[in-house]
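coords please:
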Amino acid sequence: RTSIASRYETVYRSTTAQEEAALNVATAQEADAALCPLQDASLGSLTVYVVPETSSVLPQGISVYVGKHRSALVRAGGSLVTLRARLRQLTQVMSFTASSIATALSDRMPDSQLSPDARRHLKSSLGTDTCPSPIPWPRGKPSGSADPKSHDVDWDIEDAVNRYVQPVLDKLSLVANFSVDSQILYYAVLGVTPRFDKETSSFILSAHSLPHVINPVEARLGSSAASLYPVLNFLLYVPERSHSPLYIQDKDGAPVSTNAFHSPRWGGIMVYNVEAPGSPQASLPLHVDVDMVRVMEVFLAQLRLLFGLSREELPPDFLLESPGNEGLADWELDRLLWAHTVENIATVSTTLTSLAQLLDKIGNIVIKDDVASEVYRAVASAQSAMAKLATGHLHSAFQASKEAVTSSERAFFDPSLLHLLYFPDDQKFAIYIPLFLPMAVPILLSLAKIVREARQRKKEPTKMD
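Modelled structure (predicted):
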């Protein structure tokens with residue numbers, strides 16, 4: 001059974017002269033940028049500035065402004081009760097919540113109790129190319145699927161990755177190591193036949209047919225087979241002329257604005273329609289320059305969802321600042337680290353419990369000293385992570401949880417244990433019985449004959465001379 005208790009430590013103080021000067025600006029965005037160098041930069045911390053009711057730094061009708069760093073502005077309000085309610089709502093937005101913890105512990109909860117967001121996010125995993133890590137390592141696979149006879153698709157994927165994707169990956173460097181690959185697939189098959197809509201003169205992909213789209217394309221990617229770690233695929237599909245334009249509909253039959261969909265823990269696909277030639281005599285193939293800004297907006301939004309960075313429902317008087325080119329705010333990174341730390345600790349507990357159950361089942365197993373050392377190290381690191389998590393030291397808690405996962409996985413998958421795991425006692429009987437049974441049958445028959453002869457000799461009367 002798993003239970004988690006949350007505790008918030010609140011410290012009140014008056015603003016400094018520098019903070020007062022930073023708050024005397026025209027907009028909340030300027031105040032957030034000016035306050036950032038003056039704040040506590042430690043992971044997991046949160047600074048809330050209570051501004052007067054008449055302050056003009058917050059827009060009209062806005063009571064709470066959430067910046068893209070680790071600070072927020074709250075209008076004082078009419079009473080302490082109102083202020084306390086706003087602070088409670090703000091904490092739920094910028095810190096971890098019961099739903100985020102439940103998502104991290106989704107492996108220990110029944111599927112019926114999980115929200116769609118909990119099923120969507122990518123699970124933590126060990127290993128990267130450079131060093132062991134308990135954090136997922138997505139490998140982006142943008143790919144265009146077009147008919148080269150009709151479309152000459154040109155996309156500057158390298159510039160798009162450097163401009164839009166790399167800032168997000170740099171921000172997530174604490175969480176994961178990334179490798180981004182790209183490829184172009186020609187003559188890709190959807191696996192389903194789009195339905196033609198006469199009213200709009202377009203082809204439609206309904207929501208119930210979307211799961212059948214992934215398998216045929218995934219078989220040609222080969223990224224999952226080539227990587228030891230979790231892979232996220234982001235595909236750009238350019239439909240062929242015979243099925244163009246192609247649009248995606250949701251469950252209610254309404255068109256999807258982004259013309260894209262995503263699959264939990266797999267990735268996303270975006271359908272990119274190109275304009276038809278102006279005249280039937282137009283020369284083919286038609287040159288197509290992909291709008292990478294529109295494509296990357298969709299892919300980055302899907303990446304956020306797959307990492308569990310969905311936005312909470314906000315009250316109407318809350319204003320949430322966009323993270324900009326970095327893709328996620330500092331406080332969102334903290335929420336991600338909270339969730340991954342809890343998930344790592346739960347993973348260590350599950351792994352060591354499975355190892356203990358394995359040792360109970362196999363009585364003749366021999367535990368080497370290095371395996372025992374890894375188990376002790378995993379337990380010590382997990383205890384350290386929980387202790388640091390309780391005191392709010394998020395970064396050190398996260399690092400300790402990674403070490404705990406690494407040690408527990410090394411102990412469980414030690415080569416000295418694997419051969420016993422795959423060679424239990426029942427397989428020994430299956431191997432040795434065919435060898436010894438042919439020899440045992442004549443031996444047993446001979447013993448039975450000897451026993452019968454001995455009994456017969458005992459029954460015969462003894463002759464007396």
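
pLDDT (mean, whole number) over stretch 323-331?
Mean per-residue pLDDT for stretch 323-331: 86.

end-to-end on that stretch?
10 Å (Cα to Cα, to the nearest Å).

need the strands for the stretch 151-300 of the chain, in chain order.
Counting by DSSP state E, counting those that start in this stretch, the stretch 151-300 of the chain has strands at residues 151-154, 183-186, 195-197, 202-205, 233-237, 246-248, 260-263, 267-271, 286-289.

would you turn the ones you listed into CSV with mean neighbour count, mean pLDDT and distance to Leu300?
Every C-beta, even on glycine, is put in place using the N, C-alpha and C of the backbone. Below are the strands of the stretch 151-300 of the chain laid out as CSV (neighbours: other Cβ atoms under 10 Å; pLDDT from 0 to 100; distance: least, Cβ to Cβ, whole Å):
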stretch, mean neighbour count, mean pLDDT, distance to Leu300
strand 151-154, 16, 76, 21
strand 183-186, 15, 79, 20
strand 195-197, 12, 88, 30
strand 202-205, 19, 90, 23
strand 233-237, 24, 87, 9
strand 246-248, 19, 91, 19
strand 260-263, 20, 90, 12
strand 267-271, 24, 89, 10
strand 286-289, 14, 79, 20
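
dump those strands into TSV; add distance to Ala176 as well.
TSV is the format used below for the strands of the stretch 151-300 of the chain (distance: least, Cβ to Cβ, whole Å):
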stretch	distance to Ala176
strand 151-154	30
strand 183-186	21
strand 195-197	39
strand 202-205	31
strand 233-237	15
strand 246-248	29
strand 260-263	18
strand 267-271	15
strand 286-289	32
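
Leu447 is nearest to which of the ones you listed?
Counting by Cβ to Cβ, Leu447 lies closest to strand 260-263 out of the strands of the stretch 151-300 of the chain; the figure is 65.8 Å.

how far does that closest one sit from its chain's centre?
Computed by Cα atoms, centre = their mean, to the nearest Å, the chain-centroid distance of strand 260-263 equals 15 Å.

other SSEs contacting that strand?
Applying 3 or more Cβ pairs under 8 Å, 6 or more residues apart in numbering; DSSP states H and E, we find strand 260-263 packed against strand 267-271, helix 292-306.

out of those, which one sits most buried?
Ranked by mean neighbour count, the helices and strands packed on strand 260-263 are led by strand 267-271 with a mean of 24 (mean count of other Cβ atoms under 10 Å).

quick one: contacts of that one?
Applying Cβ atoms under 8 Å, 6 or more residues apart in numbering, the contact partners of strand 267-271 are 141, 205, 213-214, 217, 231-237, 239, 246-248, 258-262, 295, 298-299, 302, 306.

of the strands of the stretch 151-300 of the chain, give the one that comes closest to Ser55.
Nearest to Ser55 among the strands of the stretch 151-300 of the chain is strand 260-263 (40.6 Å), distances taken as Cβ to Cβ.

partners of the closest one, with directions?
If you go by DSSP bridges, strand 260-263 pairs up with strand 267-271 (antiparallel).

what angle do the strand it pairs with and strand 233-237 make?
Taking axes from the mean of the first three to the mean of the last three Cα atoms, to 10 degrees, one finds that strand 267-271 is oriented at 10 degrees with respect to strand 233-237.

chain center to strand 267-271, what's the gap?
From the chain centre to the centre of strand 267-271 is a distance of 17 Å (Cα atoms, centre = their mean).

now that strand - C-alpha only, CSV.
Presented in CSV, the C-alpha positions along strand 267-271 are these (Å, rounded to 0.1, in the frame of the first residue of the first chain):
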residue,chain,number,x,y,z
GLY,A,267,4.0,10.0,-30.2
GLY,A,268,1.9,12.0,-32.6
ILE,A,269,0.9,12.3,-36.3
MET,A,270,0.0,15.5,-38.1
VAL,A,271,-1.6,15.5,-41.5
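
could you give the backbone dihedrals for Val74?
Note on Val74: its backbone torsions stand at phi -130, psi 130 [degrees, to the nearest 10].

pull the contacting residues for it.
Contact analysis of Val74 by Cβ under 8 Å, 6+ apart lists Val48, Tyr49, Val50, Val51, Ser63, Val64, Tyr65, Leu83, Arg86, Leu87, Leu90.

please name the bridge partners of it.
Beta-bridge partners of Val74, as defined by DSSP bridges: Val50, Val64.

roughly how far apart are it and Glu53?
According to Cβ to Cβ, to the nearest Å, Val74 and Glu53 sit 11 Å apart.
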